[in-house]
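Novice: Okay, here's the prediction I keep looking at, along with the sequence it came from:
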Amino acid sequence: MARYTGPKSRIARKFKDPIFGPDKNYEKKNYPPGMHGSSKRKKKVSEYGIQLTEKQKAKYTYGILERQFANTFEKASRKKGITGENLLQLLEARLDNIVYRLGIAPTRDGARQLVSHRHITVNGKVTSIPSATIKAGDEIGVREKSKSLEIITTSLAYRKNKYPWLEWNQETMSGKLSSYPERDQIPENIKEQLIVELYSK
């Protein structure tokens, strides 16, 4: 599947969750898309269908394609600890996600674009790989030439979310991953155990 570039409200309505952030259209139509979306009649969904939907929800939330997601799950299953939590930690440790969490970009799509266009540095070196895995202690910053970009300055001006596993220095416009987040610190409404069950079949 190619990366989705269509209406985000439609996807949020599909999963009955504003996975891309505050959405006025979702609030107005908080039922599934399509001509039968607002029908009171509920269609019974199989256990497999529920598990598959949760995986798709995670993929859309983090903007990841099928092969990338499968590879991430494989890494999570090899790590010590709970596989579902490992999966979310690895997704949170992606460079594009951390750029978004730090507030350098207003959305994950915007963060991915900033990385791809070489506006972001990791430990002082410019990188253009949004899926790069960041390790605890790594420093993520804005390239010197890019610090005046409107999208970055505007996003940082409205920066609200502060996460305990991330440090931010406004003067240097750089942040650090101090540690991997615990499950209860990750705000995404994802039932990771359903994804583990799906891959276990």
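Specialist: Now that the structure is in, tell me what you want to look at.

Novice: alpha carbons only for contacts and neighbour counts from here, please
Specialist: Noted.

Novice: What average pLDDT does stretch 154-162 get?
Specialist: On average, the pLDDT along stretch 154-162 is 86.

Novice: Which SSE is immediately downstream of the worst-scoring helix or strand of the chain on mean pLDDT?
Specialist: Taking mean pLDDT, DSSP states H and E as the measure, the chain has helix 24-28 as its least confident helix or strand, at a mean of 52. The C-terminal neighbour of helix 24-28 among helices and strands, as given by DSSP states H and E, is helix 47-62.

Novice: Centre of the chain to the next helix or strand after that following helix, how far?
Specialist: Scanning forward in sequence from helix 47-62 by DSSP H and E, the next helix or strand is helix 66-78. Its chain's average C-alpha position is 15 Å from that of helix 66-78, according to Cα atoms, centre = their mean, to the nearest Å.

Novice: Would you map out the domains in the chain?
Specialist: Domain assignment for the chain by automatic domain parsing gives 8-90+189-199, 94-179.

Novice: In a markdown table: the ones you listed, plus mean neighbour count.
Specialist: A markdown table is the format used below for the domains of the chain (neighbours: other Cα atoms under 10 Å):
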| stretch | mean neighbour count |
| --- | --- |
| domain 8-90+189-199 | 16 |
| domain 94-179 | 18 |
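
Novice: rank those by mean pLDDT and give me the bottom one.
Specialist: domain 8-90+189-199 (a mean of 80).

Novice: What residues does the spatially most central residue of the chain make contact with?
Specialist: Per Cα atoms, centre = their mean, the C-alpha nearest to the average position across the chain is that of Y62, at 3.0 Å. For Y62, the contact set (Cα atoms under 8 Å, 6 or more residues apart in numbering) comprises 91, 97, 108.

Novice: do that again at 6 Å, thanks
Specialist: Going by Cα atoms under 6 Å, 6 or more residues apart in numbering, Y62 touches no other residue.

Novice: try T121
Specialist: Counted by Cα under 6 Å, 6+ apart, T121 has contacts 127, 140-143.

Novice: Okay, helices next: where are they in the protein?
Specialist: Using DSSP state H, the helices of the chain run over 8-15, 24-28, 47-62, 66-78, 83-92, 95-102, 108-116, 150-157, 192-199.

Novice: right, and those - which one's nearest R183?
Specialist: helix 83-92 (6.1 Å; Cα to Cα).

Novice: what angle sits between the closest one and helix 192-199?
Specialist: 100 degrees (axes from the mean of the first three to the mean of the last three Cα atoms, to 10 degrees).

Novice: Please report the distance of Q170 from A157.
Specialist: For Q170, the distance to A157 (Cα to Cα, to the nearest Å) stands at 10 Å.
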